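Colleague: sequence plus predicted model, see below.
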Amino acid sequence: MISFSPKRVLVNYGAAILFAVFIFISIFLNTDLFNFGQLNFAVWFVLSILSFSCGWFINRVLGWHHGGKIVFAIIISVTIVSLFIVVFFNEYFSASQLLTENLILYSLRNITLGAMGFFGMAIQEVLGSERESVILKEKIKVYEQTLMDAKKEADLTLKEAKIQAQKLINDAELNAKNIFLKKERIEKELKEFIQIEKELLNKYEDL
């Protein structure tokens, strides 16, 4: 049976929850938030940075495919909920604009913040891929160096084996030559001994 730890779920999906909260609370901010005054720009910049950071952590923890599905689902679901709230609380959200315009503007807010989340995911994915590429290149270099070292060691071992084999051949040839010379010497000494014996016999017969 698979058990889910609340702490583990919070670690994995905490950034996604915060991302959904940031997009959702944006609808309760100033209805003229897209009119980029100094204060509005600062608020929008902070929201964008927070959404970017959430996207970054979502991609880092959940990955591009699974995290992307979650971010897309958050954007769609929060946008739908936001539109329902704008419609039901029309008097608050349509203080200075038509309902249709507000629906479009709030949808654009959600989509823009969602796009910042995707942007954060994309940046983290690119940097992570580059980091993995660098690590992979380093591993390849180490692997190639290991192969080169192994090849050098194999060549050295082969050379040593050839030297040892040549030494054994030389020793065998030298031993064979020594044995042959010893055989010739023994045969020569034996012939001389036989000759001396014959001479002694001849002298003995003459007596």
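Modeller: Nice, I can see it. Fair warning: this is a prediction, and the values are worked out from it, not measured in the lab. Numbers count the residues shown, from 1 in each chain.

Colleague: element containing the residue nearest to the spatial centre of the chain?
Modeller: Nearest to the mean C-alpha position of the chain, by Cα atoms, centre = their mean, lies E132 at 4.4 Å. Assigned by DSSP states H and E, E132 belongs to helix 99-206.

Colleague: how deep is L50 tucked in, by neighbour count?
Modeller: Burial measure for L50: 19 neighbouring residues, criterion other Cβ atoms under 10 Å. Bear in mind the C-beta positions are built from the backbone N, C-alpha and C, glycine included.

Colleague: so what's it up against?
Modeller: Residues near L50 by Cβ atoms under 8 Å, 6 or more residues apart in numbering: 18, 22.

Colleague: can you do 7 Å?
Modeller: Contact analysis of L50 by Cβ atoms under 7 Å, 6 or more residues apart in numbering lists F22.

Colleague: ok, back up a step: gap between the residue nearest to the centre of the chain and V71?
Modeller: 22 Å (Cβ to Cβ, to the nearest Å).

Colleague: F28 too?
Modeller: For F28, the distance to V71 - Cβ to Cβ - is 21 Å.

Colleague: out of those two, which sits in the more crowded spot?
Modeller: Set F28 next to V71 and count neighbours by other Cβ under 10 Å: V71 wins out with 26 against 12.

Colleague: wait, doesn't the more buried one sit right on F118?
Modeller: Yes. If you go by Cβ atoms under 7 Å, V71 and F118 touch, sitting 6.2 Å apart.

Colleague: which neighbours do those two share?
Modeller: In terms of Cβ under 7 Å, 6+ apart, V71 and F118 are both contacted by the residues G55.

Colleague: the bottom helix or strand of the chain by mean pLDDT?
Modeller: Every helix and strand of the chain was ranked by mean pLDDT, DSSP states H and E. The lowest is helix 90-93, at a mean of 68.

Colleague: coming back round to it: now for the helix holding E132, which elements pack on it?
Modeller: helix 6-25, helix 38-62, helix 64-88 (3 or more Cβ pairs under 7 Å, 6 or more residues apart in numbering; DSSP states H and E).

Colleague: distance between it and the chain's centre?
Modeller: The chain centroid and the centroid of helix 99-206 are separated by 28 Å under Cα atoms, centre = their mean, to the nearest Å.

Colleague: kindly report the same for stretch 75-91.
Modeller: 43 Å.

Colleague: put the alpha carbons of it into PDB.
Modeller: Only the C-alpha atoms of stretch 75-91 are listed here, as PDB (Å, rounded to 0.1, in the frame of the first residue of the first chain):
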ATOM      1  CA  ILE A  75      -3.900  28.500 -14.800                       C
ATOM      2  CA  ILE A  76      -7.100  27.100 -16.300                       C
ATOM      3  CA  SER A  77      -8.700  26.300 -12.900                       C
ATOM      4  CA  VAL A  78      -7.800  29.500 -11.200                       C
ATOM      5  CA  THR A  79      -8.900  31.500 -14.300                       C
ATOM      6  CA  ILE A  80     -12.300  29.800 -14.300                       C
ATOM      7  CA  VAL A  81     -12.700  30.400 -10.500                       C
ATOM      8  CA  SER A  82     -11.700  34.000 -10.900                       C
ATOM      9  CA  LEU A  83     -14.200  34.600 -13.700                       C
ATOM     10  CA  PHE A  84     -17.000  33.100 -11.600                       C
ATOM     11  CA  ILE A  85     -16.000  35.400  -8.700                       C
ATOM     12  CA  VAL A  86     -15.900  38.400 -11.000                       C
ATOM     13  CA  VAL A  87     -19.300  37.600 -12.300                       C
ATOM     14  CA  PHE A  88     -20.900  37.000  -8.900                       C
ATOM     15  CA  PHE A  89     -19.300  40.000  -7.300                       C
ATOM     16  CA  ASN A  90     -19.900  42.200 -10.300                       C
ATOM     17  CA  GLU A  91     -20.500  45.400  -8.300                       C
END
